[in-house]
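Undergrad: Sequence first, predicted coordinates after that:
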Amino acid sequence: CCGCCLRCVFCWSGAPRDRPNEIGRFYKPEQIFSKLVSCAEKHRFSLLRVSGNEPTIGRSHLLRLLELIDQTRYKFVLETNGILLGYDSSYTHELSKFKCLHVRVSVKGACPEEFTMLTGAVPEAFSLQLKALENLLNAGVSCNPAVMLSFSKQENIARLKEQLKEIDPALISEFEEEYVFLYPHVVRRLREAGIKPLVAYSPDKIPCELI
């Protein structure tokens, strides 16, 4: 997918995020479905996803893709920053009709200040990611939080876990840790932003549990 409503400094996507109209071509949901299923059958995968940027931006496109996948045996993992799902609860209600779906909400940082440092967005938008998890659970949609912790202080992580526990204690057991992978262009972006991760991994030394 292409385009995103955030500008994460650690993002590995370049032009597809910032200038999607200049890269490649756009495809219909039916074409994406065909490619996904073909790849899954070839490699005997059971999980599908569309990655690279923010899939929820193309709402009608995503919903149509899910309609097609819902007729198969496959599970679709929707990876999202959660901003749009937190802003509009009607979106999560639309997602609730798909049995094939699990939503992985990638939370940027452990507090509003970290969120702004990493994404360039206003700190108030941090809460939309948590609201996305609340909206998804209220709609009966399977979901879990995956939190970028490379830049987070322990006290901020502890506070975030308390916030998640208030939404639903089950979110703590499903809490997934994310860390920066130091691809050359990611290192360049971090250097230009003057931001140094507390924990990060080179591409050839990524722990198995993070793959």
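TA: On my side now, so go ahead. Numbering: from 1, shown residues only.
Undergrad: For Val9, give me its contacts.
TA: Contacts of Val9 were listed using C-beta atoms under 8 Å, 6 or more residues apart in numbering, and they are 117-120, 189-190, 193, 195. Where you see a C-beta, it was placed from the backbone N, CA and C, and this is true even at glycine.
Undergrad: and if we set it to 10 Å?
TA: Residues in contact with Val9 (C-beta atoms under 10 Å, 6 or more residues apart in numbering) are 108, 117-120, 151, 180, 186, 189-190, 192-195, 197.
Undergrad: which strand of the chain spans the most residues?
TA: For the chain, the strand with the greatest residue count under DSSP state E is strand 101-108.
Undergrad: now that one, how far from the centre of its chain.
TA: Remark: strand 101-108 is offset 5 Å from the chain centroid, using C-alpha atoms, centre = their mean, to the nearest Å.
Undergrad: circling back to that earlier point, top of the contacts of Val9 by number of neighbours, please.
TA: Within the contacts of Val9, neighbour counts (other C-beta atoms under 10 Å) peak at Lys108, which reaches 26 neighbours.
Undergrad: and the residue of the chain positioned farthest from its centre, how far is that from Ile32?
TA: Most distant from the centre of the chain: Lys42, at 25.6 Å, with distances by C-alpha atoms, centre = their mean. When distance is defined by C-beta to C-beta, to the nearest Å, Lys42 is 16 Å away from Ile32.
Undergrad: Next, the buried residues of the lowest-mean-pLDDT helix or strand in the chain.
TA: Least confident element among the helices and strands of the chain, by mean pLDDT, DSSP states H and E: helix 15-18 (a mean of 74). Neighbour-count burial for helix 15-18 flags 16-17 (criterion: 16 or more other C-beta atoms under 10 Å).
Undergrad: so what does that helix touch, helix or strand wise?
TA: For helix 15-18, there is no helix or strand it packs on, judged by 3 or more C-beta pairs under 10 Å, 6 or more residues apart in numbering; DSSP states H and E.
Undergrad: quick one: strands adjacent to the longest strand of the chain?
TA: Its sheet considered, strand 101-108 pairs with strand 75-80 (parallel), strand 143-148 (parallel) by DSSP bridges.
Undergrad: average model confidence for that strand?
TA: Strand 101-108 shows a mean pLDDT of 98.
Undergrad: what do you get for stretch 175-187?
TA: Averaging pLDDT along stretch 175-187 gives 92.
Undergrad: next one: that stretch to chain centre, how far?
TA: 13 Å.
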